[in-house]
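**Q** Next one to model:
(chains A and B)
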2 protein chains.
Amino acid sequence: MNILDWNTLDADARTRALARPVQAVAAQTRASVAALIEQVRRDGDAALREITGRLDGVVLEHFEVGEAEFAAAERAVPAELRIALQQAVTRIDAFHRAGMLQPYTLETAPGVTCGKIVRGIGRVGLYVPAGSAPLPSTALMLGVPARLAGCREVVLCTPPRRDGSADPAVLVAARLTGVHRVFKLGGAQAIAAMAHGTGSVPSCDKLFGPGNSYVTEAKQQVAQAGAAAIDMPAGPSEVLVIADAGATPAFVAADLLSQAEHGPDSQVLLLSDDAALIAAVQAEVEAQLARLPRQAIARQALEASLLLKVASIEQAFAISNRYAPEHLILALREPQRWLEQVEAAGSVFLGDHTPEALGDYCSGTNHVLPTAGAARAYSGVSVASFQSQISVQSASAEGIAGIGPCAIVLARAEGLDAHANAVALRLEAAP
Amino acid sequence: MNILDWNTLDADARTRALARPVQAVAAQTRASVAALIEQVRRDGDAALREITGRLDGVVLEHFEVGEAEFAAAERAVPAELRIALQQAVTRIDAFHRAGMLQPYTLETAPGVTCGKIVRGIGRVGLYVPAGSAPLPSTALMLGVPARLAGCREVVLCTPPRRDGSADPAVLVAARLTGVHRVFKLGGAQAIAAMAHGTGSVPSCDKLFGPGNSYVTEAKQQVAQAGAAAIDMPAGPSEVLVIADAGATPAFVAADLLSQAEHGPDSQVLLLSDDAALIAAVQAEVEAQLARLPRQAIARQALEASLLLKVASIEQAFAISNRYAPEHLILALREPQRWLEQVEAAGSVFLGDHTPEALGDYCSGTNHVLPTAGAARAYSGVSVASFQSQISVQSASAEGIAGIGPCAIVLARAEGLDAHANAVALRLEAAP
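**A** Got it, this is the predicted structure:
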């Protein structure tokens, strides 16, 4: 882990300290993803069969999970896990439901009523990765808001295992959230299938979910081509912890490690105004690392991590807002008081008893969040991500009599006489 | 205008009838936009000076509009226009304010509080075109929600005129909405400047606004590169009118023409269950066309337009939802009753006295809307477009004692032991 003192760095060194490793998509990745998408677009299910055989090592006649496999999954998942998934669903549902968009109307002028109506996006596609491990929690984080949004059809793709089955916990999670159809497809081919549709996979209006660099690149390519909208650009997971002298080093170390174990490219930052705390955290990280099964991955991530000594907690927030982390942990006394300083982050965790893992699984908030600084302009997944809002306006004869002349003046100023005429005709026809 | 009967068409013909003209970005456009962006990124203001001289035919030493030019604009704009702009601002403000995101919190379990806070995106860039005519209304539609969102800095670019000045009405509109800084820059170079920043133009987190194919391509390229987020993909403007036998042909014709005059690539569709109405509208279009200054543009758009005879109004809605128009006019008796049938559209206009022009200018709704079928997954610009929502969670010792075990089960199921450990450490430390 690298320890730096922010106030000894010049502007260039500060920029370098906060720079994410460039996620340069290799030209080869871009080209091979484009080729996969084109193959799926052209040959449909035959392409999916060929690609899945080649990349996942399993030949599937049918991709869709049937009732028998769902039933087997229900039997295979331990009761304890099923109960935990159900409890998580309950809290994710409660939190997302409370933040749902509401339709509204108001009279903006006498006889002119304007409002918004809310509609679930017709058909949405969810991607649940199963790289180093399957992620049933991601099925919950996408499936619950999709159900609340009222989408007509919710489709989910997750990679097949070598034996041709899907991960049972992912299937149970999908069923708990009411996902309509599950397909055993992974990687760029899954994204291509959901964007363009094949004989078996329906084409979806918007695609959601994390994935490896191929999945991410495929999402970008189908979005760029206008084949489907996507939730957000995705990159490696990140945490930034702001800790004061009163923080518990063992807790802070555990939080840094639970980010580091995600992958070798995970981003881990600690900012503190207390050098002793930084040293204590460093020692704790070493002690806890030794006991972790994913030690090798975490060590790689920690090599690029940063422990940053700052002059004050205020300065830590200025740096954090500049970095715009996906996860922001405030290991501070009176964290609620500091919250107003947060300008850009995906999800914030307050105080010593709120590890990121709670938000990852079951506090109720979503864990599909903007990374790589995208939190400056994007928000995490919510019910609104699965909906569109449609403006509606209605003017009576009195209404257009009142505001029509304003529209005519503006239309003429813009040289759009047919616009002015469409209003003038109604005014002339008024009784 | 082409007249077709939907129920005589086979599936392929129906698909063709509803297909937008492919907005294929010529490889040459893509390359020249990429070159402009790279030049601006590398050479900053010097590049802007060179490009503006070459493409806009004016050499500018400084791009930013100063106080003297704002003052001259105030004098140049007629009182009638200024008043109309102010009235529009009042209604746009009222409508957008009513729909603003609200922060919220709830207890998802005893001792576990989750919520969302709302923050204005730090710095946003607005683009206001001035192609065939400057569009002060677009400055209002972007500037008002940006102000309501609480963005720290709002930047606006609009192309310079040959004499080096900006359109006075656009400047007055920008000032009315509280835009902080205005730059005389157009085209892909304006987008590049706002995305990457130059000596004079600050780099923005998110870019908004319509534009020609160069502007649109530039927005796509900077978004793809992660340099700035963008509001939505943009294409030519569209209207779909659903009219019944009771509709007034002159009104419907005027609405079709006010879309057609936007540009030769504007999309115009009329769906009706009444053949006589369709014929009457067609006659009215010819009659009104003769009196329009932008007749040549409108005629071009009308050549690709479609008058579609349907079996029923229900069928018209099924077709409209499949097409997902930017603007949807319901020239129907009891339009409010039909509203529930609308699944995908940008903005809806109810009844005989609500021409699209009202929404374009001053009903209060936004006119920056999804085109080319994007309404299936995107919504028009709102205050939320200029904000991010940040999740916040806070667990007490009691809170983590309650939900921590659930997180541990899920973390272990996903093979993420450090996640489980971060929770377990807190549980062990509990009094």
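**Q** Assign residue A:349 to helix, strand or coil.
**A** Secondary structure assignment for residue A:349 (DSSP: H, G, I helix; E, B strand; the rest coil): strand.
**Q** all strands of the stretch 151-300 of chain A, in order?
**A** A:153-158, A:181-184, A:206-208, A:229-230, A:238-243, A:267-272 (DSSP state E, counting those that start in this stretch).
**Q** Just checking: what are the partner strands of the shortest one?
**A** Right, the one you point to is strand A:229-230. strand A:206-208 (parallel) (DSSP bridges).
**Q** how about the residues of the stretch 201-350 of chain A near chain B?
**A** Counting by Cβ under 8 Å from any Cβ of the partner chain, the residues of the stretch 201-350 of chain A close to chain B are A:205-206, A:220, A:224, A:226, A:228-229, A:233, A:248, A:250-251, A:254-255, A:257-258, A:260-262, A:288, A:291-294, A:298, A:335-336, A:339, A:342-350. The C-beta positions use only the backbone N, C-alpha and C, and glycine is treated the same way.
**Q** ok, longest helix in chain A?
**A** As assigned by DSSP state H, the longest helix anywhere in chain A is helix A:27-56.
**Q** Look at residue A:407 and tell me its secondary structure.
**A** Per three-state DSSP, the secondary structure class of residue A:407 is helix.
**Q** Could you give the number of residues near it?
**A** When neighbours are counted by other Cβ atoms under 10 Å in any protein chain shown, residue A:407 registers 28.
**Q** Please spell out the ChimeraX selection for the buried subset of the residues of the stretch 201-350 of chain A next to chain B.
**A** Burial among those is assessed by 16 or more other Cβ atoms under 10 Å in any protein chain shown; the matching ChimeraX selection reads:
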select /A:205,206,220,226,228,229,233,248,250,251,254,255,257,258,260,261,262,288,292,294,298,335,339,342,343,344,345,346,347,348,349,350
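**Q** Could you give the bridge partners of residue A:106?
**A** residue A:114.
**Q** ok, it - contacts?
**A** Residues near residue A:106 by Cβ atoms under 8 Å, 6 or more residues apart in numbering or on different chains: A:113, A:114, A:115, B:94, B:95, B:98.
**Q** try residue A:369
**A** Per Cβ under 8 Å, 6+ apart, neighbours of residue A:369: A:326, A:327, A:346, A:347, A:375, A:380, A:381, B:391.
**Q** How about the longest helix of chain A and chain B, touching?
**A** No - using Cβ under 8 Å from any Cβ, we find that helix A:27-56 stays clear of chain B, coming within 11.0 Å at best.
**Q** Return the list of helices and strands in contact with the next helix or strand after that helix.
**A** Once the chain leaves helix A:27-56, the next helix or strand it forms, by DSSP states H and E, is helix A:67-76. If you count contacts as 3 or more Cβ pairs under 8 Å, 6 or more residues apart in numbering or on different chains; DSSP states H and E, helix A:67-76 packs onto helix A:168-176.
**Q** hang on, isn't residue A:251 packed against residue A:355?
**A** Yes - look at residue A:251 against residue A:355 with Cβ atoms under 8 Å: they come within range, at 7.2 Å.
**Q** which residues do those two both contact?
**A** The contact sets of residue A:251 and residue A:355 overlap at B:422, B:426 (Cβ under 8 Å, 6+ apart).
**Q** Model confidence score at the closest residue to residue A:105 other than its chain neighbours, please.
**A** Leaving out its chain neighbours, the residue that sits closest to residue A:105 by Cβ to Cβ, 6 or more residues apart in numbering or on different chains is residue A:115, at 3.2 Å. Looking at residue A:115, its pLDDT is 98.
**Q** measure residue A:115 to residue A:103 for me?
**A** 7 Å (Cβ to Cβ, to the nearest Å).
**Q** again, but for residue A:325
**A** 34 Å.
**Q** one step back: neighbour count for residue A:115 and residue A:103, which is higher?
**A** Ranked by neighbour count (other Cβ under 10 Å), residue A:115 and residue A:103 place residue A:115 first, with 22 against 13.
**Q** Identify all contacting residues around the lowest-mean-pLDDT helix or strand in chain A.
**A** Ranked by mean pLDDT, DSSP states H and E, the weakest helix or strand in chain A is helix A:295-303, scoring a mean of 88. Helix A:295-303 has contacts (Cβ under 8 Å, 6+ apart) with A:1, A:132, A:256-257, A:259-268, A:285, A:289, A:292, B:418.
**Q** Narrow these to just the buried residues.
**A** For the contacts of helix A:295-303, a burial check counting by 16+ other Cβ under 10 Å picks out A:1, A:256-257, A:259-263, A:265-268, A:285, A:289, A:292, B:418.
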